[in-house]
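Peer 1: any chance you can model this:
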Amino acid sequence: MKLLKALAALALAAAIMALSALGAEELDAAPAMAAAQAWLIHVDAGDYARSWDEGAAHFRESISKVQWQTTLDSARTPLGVMIARKIRSAAYARTHPGAPVGEYFVIEFDTRFANRPRAIETVTPMREADGSWKVADYSIR
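Peer 2: Residues are numbered from 1 along each chain as shown. Next up is the predicted model:
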């Protein structure tokens, strides 16, 4: 039993070292998470125009502000107000469907709305050319 615990500890240490070797900056989700949460404040407030304004360049190029406002209004209004949101997962990626190769964090939240107690929101910030993180994709299921 002690041998199994020792082997498990060694495997965990090796995995942590391997992740560290990939580069701390590459795996630091904090800036992307902060960008996603700041962006969600606008969405939760119903300020869909501002969420478009603060989205990634690729996002703004892929949908007009009016289309975004209409789409988001029809998706979010029936859900009611956001009651609670908890991070489910965050994964680093170099690609994202329909988007250019870059740096992304795909962040899933377990979210409870007034009219829908169980939903999964996916917010995908991408690193912009200036190094900042901005939301490039959003969905609710």
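
Peer 1: just the element for residue 58, please.
Peer 2: Here residue 58 sits within helix 57-62, counting by DSSP states H and E.

Peer 1: quick one: mean pLDDT for whichever helix or strand comes after that helix?
Peer 2: Where DSSP H and E defines the elements, the next helix or strand beyond helix 57-62 is helix 65-76. Taken as a whole, helix 65-76 has an average pLDDT of 97.

Peer 1: what's the angle between the following helix or strand past helix 65-76 and helix 65-76?
Peer 2: Following helix 65-76 in sequence order, the next helix or strand is strand 82-93 (DSSP H and E). On the basis of axes from the mean of the first three to the mean of the last three C-alpha atoms, to 10 degrees, strand 82-93 is oriented at 120 degrees to helix 65-76.

Peer 1: output the next helix or strand after strand 82-93 as PDB, nothing but the C-alphas.
Peer 2: Proceeding N to C from strand 82-93, the next assigned helix or strand is strand 104-113, under DSSP H and E. C-alpha atoms of strand 104-113 as PDB (Å, rounded to 0.1, in the frame of the first residue of the first chain):
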ATOM      1  CA  TYR A 104      -7.600  30.400 -26.000                       C
ATOM      2  CA  PHE A 105      -9.000  29.300 -22.600                       C
ATOM      3  CA  VAL A 106     -12.300  27.500 -22.900                       C
ATOM      4  CA  ILE A 107     -14.000  28.100 -19.600                       C
ATOM      5  CA  GLU A 108     -17.200  26.300 -18.600                       C
ATOM      6  CA  PHE A 109     -19.400  27.600 -15.900                       C
ATOM      7  CA  ASP A 110     -22.300  25.800 -14.100                       C
ATOM      8  CA  THR A 111     -24.800  28.600 -14.000                       C
ATOM      9  CA  ARG A 112     -28.200  28.900 -12.300                       C
ATOM     10  CA  PHE A 113     -30.700  31.400 -13.800                       C
END
